[in-house]
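Asker: Quick one, what's the 3D model for this:
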Amino acid sequence: MPSPATAPRRQRRRPRPFRCVPSLIGLVVAIAIVLAQHGWHTPKGLFLGEDIPRITDLHGLLDWRRCIGYNALSAHEADVVWSIYTFHESVYGFALTAPSEPVCQ
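Answerer: Numbers count the residues shown, from 1 in each chain. Below you'll find the model as predicted:
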């Protein structure tokens, strides 16, 4: 039996950088991208990890909602709601949701 010092370590599973939420009829109603690889950004150039004041500089005033463990700043556009997720003082994710779905996923 190997000693604890020489025992093989279990491979840690990396968290998936996105999450899809299906509806009851199989349609995707929410897509969230959190803690994705460096370089992800909004079309206006807001990058993951940026400070919260940069959100309003680029996107103006957004609807604010407190979620469990994070905040979501959101706006309606056409038939979708897009959100910017924040934790402490920085951007940590983005999401697209159907207008019928909550922004806190």
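
Asker: Residue 46: neighbour count?
Answerer: Counted by other Cβ atoms under 10 Å, the residues lying close to residue 46 total 17. Yep, even glycine has a C-beta here, placed from its N, CA and C like the rest.

Asker: for residue 45, that is, sorry about that
Answerer: Residue crowding around residue 45 was assessed by other Cβ under 10 Å; the count is 10.

Asker: Tell me the secondary structure at the closest residue to it other than its chain neighbours.
Answerer: Sequence neighbours aside, residue 58 is the residue nearest to residue 45 in space, at 6.4 Å (criterion: Cβ to Cβ, 6 or more residues apart in numbering). What DSSP: H, G, I helix; E, B strand; the rest coil gives for residue 58 is helix.

Asker: Isn't residue 99 up against residue 80?
Answerer: Yes - applying Cβ atoms under 8 Å as the test, residue 99 and residue 80 come out as touching, 7.3 Å apart.

Asker: Do you have the strands of this structure handy? List them.
Answerer: When secondary structure is read from DSSP state E, the chain shows strands at 18-22, 28-34, 63-67, 70-77, 80-87, 90-97.

Asker: Would you single out the least confident of the ones you listed?
Answerer: Taking each of the strands of the chain in turn, the one with the lowest mean pLDDT is strand 18-22, at a mean of 54.

Asker: Cool, thanks, talk later.
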